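>>> I would like the atomic coordinates for the input below:
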Amino acid sequence: MKIMVFDVGGTEIKYSVMDEQMHRTDSGAVPTPQDTQAQFLDAVYRLYAPHKDEVTGIAMALPGFVDNRTGYVSNGGALLYNTATPVGQLLAEKCGCPVILENDGKAAAMAELANGALKGCCNAAVFIIGTGVGGGIIANGQLVRGVHFTAGEYSFVNTNAEAWDAPDQNMACQCSTSNLLKWYRARKALPEDAPLNGRSFFAAANAGEPEALEVLRRFCHAVAVQIYNLTVLLDVEKVAIGGGISKQPLLLESLRSAYDGLYASRAGQAYMEGLPRCQIVPCAFSSEANQVGVAAAYFEAMQKKC
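Presented below is the predicted three-dimensional model:
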């Protein structure tokens, strides 16, 4: 059995044809439509159509509050045009095949728990750094979805109680690749729309550019504080970092340094005694974790129907 797998992000749609052994072929990526849901559905169909005779259905990971049972999206996250719509049903009708939807962070968590960096963990989490911030929580060896399918939605976590009304004081705006690039443009006095992506930023950082390294330290401190919060709240053993920039060794090195620095800054304070530290690791499936996780969910759902 082969299926068409989509990983929809705020910036691009990654896709591939995948079989039950998770072999991926015909992979690629296109920009994510930003204006309307109709454009989004059309873009997905254009990618699906050339493969419709070789695949049996569609598995899609996407941002937002996703009911994986019905395909209903109550909040579209980075793609607000999907809010309060039956995205799964609309795709199934347009493409004429079964469709399974899953939140992107939860898809990554499933992949990493089953056969990746979180295998064997009791409590753990994934932290997906992209256009926004995706998350997935593992508790007692199981994925946590929540009553309203919002468990692990780190993007909505407030990062500054004194600035509750400020729209950018949340994890989506502070701990995303988008914000990393925003801070770098500001530090370099570049126009707000200056062309820049994670690859070009890390090219500068890996070359030792002082401005890039300064911004990276600031960014990693912001992310490390939130990983510390996850450690305190959930007693996680590991946090697996995903997203395109997770492939950069310098990011993981800087994150671990920032995280260790948080504990060092409070060394000797009695209330810190016995507080555990988690391991910060890269997602084993890297930026493909979302695709692997939602594909596995599709095959499992089809087996249950048989």
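>>> For the rest of this, base every contact and every neighbour count on C-alpha atoms.
OK.
>>> excluding its backbone neighbours, what's nearest His221?
Ala258 (5.3 Å; C-alpha to C-alpha, 6 or more residues apart in numbering).
>>> can you check Leu47 too?
Among residues not flanking Leu47 along the chain, Tyr15 sits closest, at 8.0 Å (C-alpha to C-alpha, 6+ apart).
>>> Could you do Val292 as well?
Once flanking residues are discounted, Val292 sits nearest to Ala111: 5.9 Å by C-alpha to C-alpha, 6+ apart.
>>> Now do the contacts for Ala296.
When contacts are counted by C-alpha atoms under 8 Å, 6 or more residues apart in numbering, Ala296 touches 20, 111.
>>> Dihedrals phi and psi, it?
Backbone torsions of Ala296, given as degrees, to the nearest 10, read phi -60, psi -40.
>>> With Val17 instead?
Reported as degrees, to the nearest 10, the phi and psi values for Val17 are phi -100, psi 130.
>>> any idea which helix or strand carries Gly134?
strand 133-139 (DSSP states H and E).
>>> what is the rounded mean pLDDT of that strand?
What strand 133-139 shows for mean pLDDT is 94.
>>> so what strands line up beside it?
Within its sheet, strand 133-139 is paired with strand 124-129 (antiparallel), strand 142-144 (antiparallel), according to DSSP bridges.
>>> Can you report how many residues lie near the residue nearest to Leu47?
Look at Tyr15: counted by other C-alpha atoms under 10 Å, it has 25 neighbours.
>>> one step back: next, the contact list for the residue nearest to Val292, please.
With contact taken as C-alpha under 8 Å, 6+ apart, Ala111 is in contact with 285, 289-290, 292-293, 296.
>>> I'd like the distance between Ala111 and Pro210.
Here Ala111 is placed at a distance of 36 Å from Pro210 (C-alpha to C-alpha, to the nearest Å).
>>> again with Asn123
To Pro210, Asn123 is 37 Å away according to C-alpha to C-alpha.
>>> Give me the more crowded residue out of these two.
Asn123 (20 against 11).
>>> I figured that one hits Glu237, correct?
Yes: look at Asn123 against Glu237 with C-alpha atoms under 8 Å: they come within range, at 5.9 Å.
>>> Strands along the stretch 201-306 of the chain, start to end?
Using DSSP state E, counting those that start in this stretch, the strands found in the stretch 201-306 of the chain span residues 238-242, 279-282.
>>> Now distance to Thr83, mean pLDDT and mean neighbour count too, for these, in CSV please.
Below are the strands of the stretch 201-306 of the chain laid out as CSV (distance: least, C-alpha to C-alpha, whole Å; pLDDT from 0 to 100; neighbours: other C-alpha atoms under 10 Å):
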stretch, distance to Thr83, mean pLDDT, mean neighbour count
strand 238-242, 25, 96, 26
strand 279-282, 31, 97, 20
